[in-house]
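Asker: here is the input, now give the coordinates:
(one chain, ligands or ions: 1)
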Amino acid sequence: MSDPDVIIIGAGAAGIGTGLECAARGLTCVILEGADRVGGRAYTASGGLSRSWDWGCHWLHCATVNPLVPWADKLGTRYDTKPREDYASIWRGAFLAPDEMAKAQANIDAFFDRIHSAGKAGKDVAVSEVMPPANTETAAARMIFQLLSGDDPEVVSAAGYSDYDDVEADWPVLTGYGALIAAMAEGLPIRLATPVRAVRHRAAGVEVDTDSGTLRARAAIVTVSANVLQSGAIAFGAGPAADLVADMETINCGSYEKVAFTLTDMPAEFRGKLFTSIDTGHDAGPLNFQIIEDEAPMLINHIGGTPAREVSTAGPEAMKDLATQHLVAAFGADITRIITGTATTGWTQDPFILGSYSHAEPGSAQLRRDLISRDTGAIGFAGEAFSLKWQATAHGAYQSGRDVAGRMAGALSL
Ligand SMILES: Cc1cc2nc3c(=O)[nH]c(=O)nc-3n(C[C@H](O)[C@H](O)[C@H](O)COP(=O)(O)OP(=O)(O)OC[C@H]3O[C@@H](n4cnc5c(N)ncnc54)[C@H](O)[C@@H]3O)c2cc1C
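Answerer: Predicted structure coming up:
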């Protein structure tokens, strides 16, 4: 078989976007995927529960301009476009009354407004340095921030965080975002269970080592996560690609994990809501629960930043216990009678992912922008970490794959 034009490393949203762009340009490619499935951080599966759920991405963020919405329409994916008012509740010894909830929401909004103004003003400092003075909602706002950025306000740059160009339209994918990304991959030349060990430049193109041999091509596009890049799992021969990876030290993936519960019935207090935050005074801070009210009701605990890193390191039983304790605190032990199954994610430990999604550390916002536009010759980089305005998202990863493939095809005359 002749060498492909492009070798793509990783079959997540970015790798699939790259493959689709190559196909659209008439370039031959092969996608080498280390895991035994496609999708990476886009994954819809049951994990032993009676229904499937999204382990990673679930929301079509920036939905009114999200390039994956047309794909969803083409592939028959169902998503929910309902505008949302009054979608969250907070439990702190009791559920907050509507007037308390409105006040809490105003404090949380003020938290994010402050960060955005500082970030947009170019303050490349830790988010914790520009947060409003502490108030009753600081813990809740911190928890939401940990989910949005994957890490703690102390380690995330306000300017880097504010590079994200939010249009504030977020639509949950009812049939699974992971299922959508997997459907998009149909027909692409993907080799599963083929971890790449090394990538290097050669006189006319690139060489890529796998356990089953070395492949050659005119170019390679690497789409693995920032933490996988920095782990050394893939060796880069000396040159611009190795230099870029060395320079990425302060662009890291944080942690974000989920604990899913299937239920016989949805507790009345949760009905009509999308999220609730339960604050028991635990060191982990308030815990967020997503409420899914369909024919198979489900609660999904989302946990981010240091609490996610710590509890996922302790393992699945610790994750289940922490989330269950919070539900019991709010509803009493009877809640356990309506739980029919529990499953957990493990992104932080997954050797092919090693975290959630990327952020620039304080002082690194400009570095991240420079890395995205840096020319690294025949070895290019794509993925959520390489998306300028849509970092940390599936559509940002996909678009980055398309953009990098287009840019390299032009620059290298592929
Ligand atoms: C819990 C969680 C919730 C999220 N929620 C949302 C959301 O609601 N909306 C949203 O838009 N985004 C969300 N995201 C982020 C989104 O899922 C990611 O930004 C996006 O899927 C990343 O795609 P990617 O292609 O850049 O990377 P990945 O999905 O990580 O793809 C990289 C691929 O490379 C493979 N790989 C790794 N090492 C090797 C190797 N050595 N050789 C070959 N292959 C290798 C991996 O197995 C993987 O398949 C969430 C993420 C998490 C973890």
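Asker: start and end of stretch 246-253, how far apart?
Answerer: End-to-end distance for stretch 246-253: 15 Å, by C-alpha to C-alpha, to the nearest Å.
Asker: and it, average pLDDT?
Answerer: Across stretch 246-253, pLDDT averages out at 98.
Asker: which positions in that stretch come out as buried?
Answerer: The neighbour-count check on stretch 246-253 (16 or more other C-beta atoms under 10 Å) flags 248, 250-253 as buried. For glycine as for every other residue, the C-beta is placed from the backbone atoms N, C-alpha and C.
Asker: so does it get close to the ligand?
Answerer: No: taking C-beta under 6 Å from any ligand atom as the criterion, stretch 246-253 and the ligand are apart, separated by no less than 8.3 Å.
Asker: can you give the domain ranges for the protein?
Answerer: Structural domains assigned to the chain are 6-61+69-74+175-252+361-411, 88-169+256-344, following automatic domain parsing.
Asker: most neighbours per residue, which of the ones you listed?
Answerer: Mean neighbour count, computed with mean count of other C-beta atoms under 10 Å, is highest for domain 6-61+69-74+175-252+361-411 among the domains of the chain, reaching a mean of 21.
Asker: kindly check the end-to-end length of that one for me.
Answerer: 14 Å.
Asker: that one: how far from the chain's middle?
Answerer: The chain centroid and the centroid of domain 6-61+69-74+175-252+361-411 are separated by 13 Å, computed with C-alpha atoms, centre = their mean, to the nearest Å.
Asker: try stretch 254-273
Answerer: Distance of stretch 254-273 from the chain centroid (C-alpha atoms, centre = their mean) equals 19 Å.
Asker: show me which residues of the stretch 51-200 of the chain sit near the ligand.
Answerer: Counting by C-beta under 6 Å from any ligand atom, the stretch 51-200 of the chain comes close to the ligand at 56-59, 61, 195-196.
Asker: which other residues reach the helix of greatest length in the chain?
Answerer: If you go by DSSP state H, the chain has its longest helix at helix 98-120. Applying C-beta atoms under 8 Å, 6 or more residues apart in numbering, the contact partners of helix 98-120 are 88-90, 96, 125, 127, 130-132, 135-138, 140-141, 144-145, 157-163.
Asker: just the CA trace of that helix, in CSV.
Answerer: This file holds the C-alpha atoms of helix 98-120, laid out as CSV (Å, rounded to 0.1, in the frame of the first residue of the first chain):
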residue,chain,number,x,y,z
PRO,A,98,-36.9,31.8,44.9
ASP,A,99,-35.9,35.2,46.3
GLU,A,100,-32.7,33.7,47.9
MET,A,101,-32.0,31.9,44.6
ALA,A,102,-32.3,35.1,42.6
LYS,A,103,-29.8,36.8,44.9
ALA,A,104,-27.5,33.8,44.7
GLN,A,105,-27.6,33.8,40.9
ALA,A,106,-26.8,37.6,40.9
ASN,A,107,-23.7,37.0,43.0
ILE,A,108,-22.6,34.1,40.7
ASP,A,109,-23.2,36.2,37.6
ALA,A,110,-21.1,39.0,39.2
PHE,A,111,-18.3,36.6,39.8
PHE,A,112,-18.1,35.7,36.1
ASP,A,113,-18.6,39.3,35.0
ARG,A,114,-15.6,40.3,37.0
ILE,A,115,-13.4,37.5,35.6
HIS,A,116,-14.4,38.3,32.0
SER,A,117,-13.8,42.0,32.4
ALA,A,118,-10.4,41.4,33.8
GLY,A,119,-9.6,38.8,31.2
LYS,A,120,-10.8,41.0,28.3
